[in-house]
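Asks: sequence and computational prediction follow.
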Amino acid sequence: MTYSSLPFIYIFLPLSLAVYLAVPKKLKDMALYLESLVFCGFMGIKLMAFMVVYCLVNYISGLSVYYIRPKLKSIPLAVGILFDVIMLISFRHSYFAYLHGFTRLSDAVFPVGISLFTLSAIGYLADIYKGHSKADKNFIRFSLYIMMFQRLIMGTIVSYDTYVHTLKKRRINITELGSGFICFIKGLAKKVIIADSLFVLNSAVRSTSIQELSAAGAWLGILAYVLCLYFTLSGFSDMSVGLCRCFGMKFSGSFNYPLFGSKIRVFVSGWHIQVLHWFRKYITSPLSSKTDNPYLSKLVFVMVWMLAGIWYGFSTGGAVWGMLMGIAVLAENKLNNRKRAKPNGIIYSMLSITLMMVFLSQGSISRGLGYLWVMFGGNGNLADSAAAYMLRYYIVILLIAVYASTDLFRNTIARIKDMRFGRIISAATPAVVTAMLIICTSLMAYSGQSDTMIIRL
C-alpha cells in the first residue's frame, strides 16, 4: 500500500485521520504510532516487526551515546551506524537476497523508505555524539521520527530537534486540512497523471533492444526517465507534505523546480534539497574541515557526490552519475565568471543533466556508455517509425511535463490570483481539486506503475 493506492486514499487515510482527531491530545502520538505500524503491516507483518526492531536499536544506541562516558561513547555510535548501514545495503542491494526476501515486500517503495530514514537515524546519532542534540527517552516519539507513515515514503529529512519542535507546534483546523488535501492531491496528480504516463514511454524504450534503438527513440527514453523520476519523487514528496499538514504538522517540500534552470547549480539547489543538505552537513563539511588543501577538498566533494549517487542507485551507474555531478558543479564554479544568455544556460544545463542521468537510468557503466553511443547515432539509425509513433502519441504529456516541471505554471497562477480573477480562481479550486481526484481515481483503477521507478534509487 502506497500513498497513490485506492485503499490508502479511501480507507486508511480517512480512518486514521478520524481516529487521530478523536483521541485526546496526550494520546495523539500513540495513535500515530499504532497507525504507522498498521501502515507497515499492510506491506507485511515481518516488515512491521523489522521497523520496531530498527527503531529499538537506534533508540538504545542514542541513549548509550548520550549517557555513556565520553571516552566510550564512540562505541555505541559506531554500532548504531554500522547497523543502519548494513540494513540499508542488505535491503537495497540484490546480492543480499535473504534479507530482502525476509520482509516479503508487497511493493517497491519500502527501499526508498529505508534509504531516507537511514539518513535520519545516522544524523540523530551523530548530533547526539557532537552534543548538538539530546537523546529522547520517549520511545514512541522517537519511533515516529523514523516510521511515521506520513513521512515514510519520500518524507522530508529534518533534524530531530526540528521534528520535535514541529510535533509540539502541530495544530489542526479546517484551513490546514484543506491546504493539506490540496497539496496531497497535487502530488497524486503528478504521480498518477504525469509520471505513470512517462513511465510507460520509458518502459517502451527500455523494452527495445539497444541494437535496434534509434537515436530519436533513445533521446525520448531518457527524457521520459528524467521527467518521470522527477514527477514520481516530487509527487510523493508533495503527498507526504500534504499528509503531514492534514495531521497538523508543517514540513517543507524536497523539490523546488530543479529542472530547466540556467545553471547546474539550480538543479543541485532544488533537487532533493534535504538529502543533499544531509550529505553536505554530515560528510562533506566534516571531511573538508580536516584539510586546508583546496585540491583535496575538491576531491572530497566529488567523492561525497559519488557516495550520494550510490545512495540513489546502488549501482556503478549511480556512482558515475554522482561523480559526474560533482565534477560538473566544480567546473561550473570555476567558469562562473563567464556570462551566458539564459536560454543558452537552460539548454546547456538540461542537456548536461540528461546526459549524466543516462548512467543512473541504466545502472551500469557499460550500459550507460552503450546508451550514449545510440543517442548520438552510433547505431546508424537516427530515427525510425517506432520513435515517430511514440513522439506522436506522447507529445502532449511530454509538453505538459516540461511546462509543469518549471515554475512558469506556479508564477502564472500567482499572477492570475493577483488580478481581479483571483477570487474566481480561489472559488474554483475545490472543484478543480475534486476533478483531479476523480481523474486520478479512474487512472489508479487500472494503472499506477511509476512506483517501480523508485526501486532503482
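Replies: Structure's in. What do you need?

Asks: so after the helix or strand of the chain at the bottom of the mean pLDDT ranking, what's the next helix or strand?
Replies: Taking mean pLDDT, DSSP states H and E as the measure, the helix or strand of the chain with the lowest value is helix 97-102, at a mean of 42. Going down the chain from helix 97-102, the next helix or strand is helix 110-130, by DSSP states H and E.

Asks: elements contacting the helix or strand just after that next one?
Replies: The helix or strand immediately downstream of helix 110-130 is helix 139-147, counting by DSSP H and E. Counting contacts by 3 or more Cβ pairs under 8 Å, 6 or more residues apart in numbering; DSSP states H and E, helix 139-147 packs against helix 28-41, helix 45-67, helix 110-130, helix 160-169. In short, each C-beta sits where N, CA and C put it, glycine included.

Asks: now the ones you listed in a markdown table, with distance to residue 442?
Replies: A markdown table is the format used below for the helices and strands packed on helix 139-147 (distance: least, Cβ to Cβ, whole Å):
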| stretch | distance to residue 442 |
| --- | --- |
| helix 28-41 | 25 |
| helix 45-67 | 30 |
| helix 110-130 | 26 |
| helix 160-169 | 35 |
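
Asks: so which of these is nearest residue 310?
Replies: helix 110-130 (10.8 Å; Cβ to Cβ).

Asks: gap between the closest one and the chain center?
Replies: Put simply, helix 110-130 sits 15 Å off its chain's centre (Cα atoms, centre = their mean, to the nearest Å).

Asks: where exactly do the helices run in the stretch 201-350 of the chain?
Replies: In the stretch 201-350 of the chain, the segments counted as helices under DSSP state H, counting those that start in this stretch are 215-246, 264-270, 273-279, 285-288, 294-313, 316-334, 342-362.

Asks: can I get those helices in CSV with mean pLDDT and mean neighbour count?
Replies: Converted to CSV, the helices of the stretch 201-350 of the chain look like this (pLDDT from 0 to 100; neighbours: other Cβ atoms under 10 Å):
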stretch, mean pLDDT, mean neighbour count
helix 215-246, 94, 24
helix 264-270, 90, 18
helix 273-279, 93, 18
helix 285-288, 89, 15
helix 294-313, 91, 18
helix 316-334, 92, 20
helix 342-362, 89, 19
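
Asks: dump the ones you listed to a markdown table, plus distance to residue 74.
Replies: Output for the helices of the stretch 201-350 of the chain, formatted as a markdown table (distance: least, Cβ to Cβ, whole Å):
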| stretch | distance to residue 74 |
| --- | --- |
| helix 215-246 | 34 |
| helix 264-270 | 32 |
| helix 273-279 | 21 |
| helix 285-288 | 14 |
| helix 294-313 | 21 |
| helix 316-334 | 28 |
| helix 342-362 | 35 |
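
Asks: of all the ones you listed, which one comes closest to residue 88?
Replies: helix 294-313 (8.4 Å).

Asks: now the closest one: how far from the chain's centre is it?
Replies: 19 Å.

Asks: tell me which other helices or strands it touches.
Replies: Checked by 3+ Cβ pairs under 8 Å, 6+ apart, helix 294-313 has helix 273-279, helix 285-288, helix 316-334, helix 342-362 packed alongside it.

Asks: distance to residue 267 for these - can I get that in CSV?
Replies: Below are those laid out as CSV (distance: least, Cβ to Cβ, whole Å):
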stretch, distance to residue 267
helix 273-279, 10
helix 285-288, 21
helix 316-334, 8
helix 342-362, 6
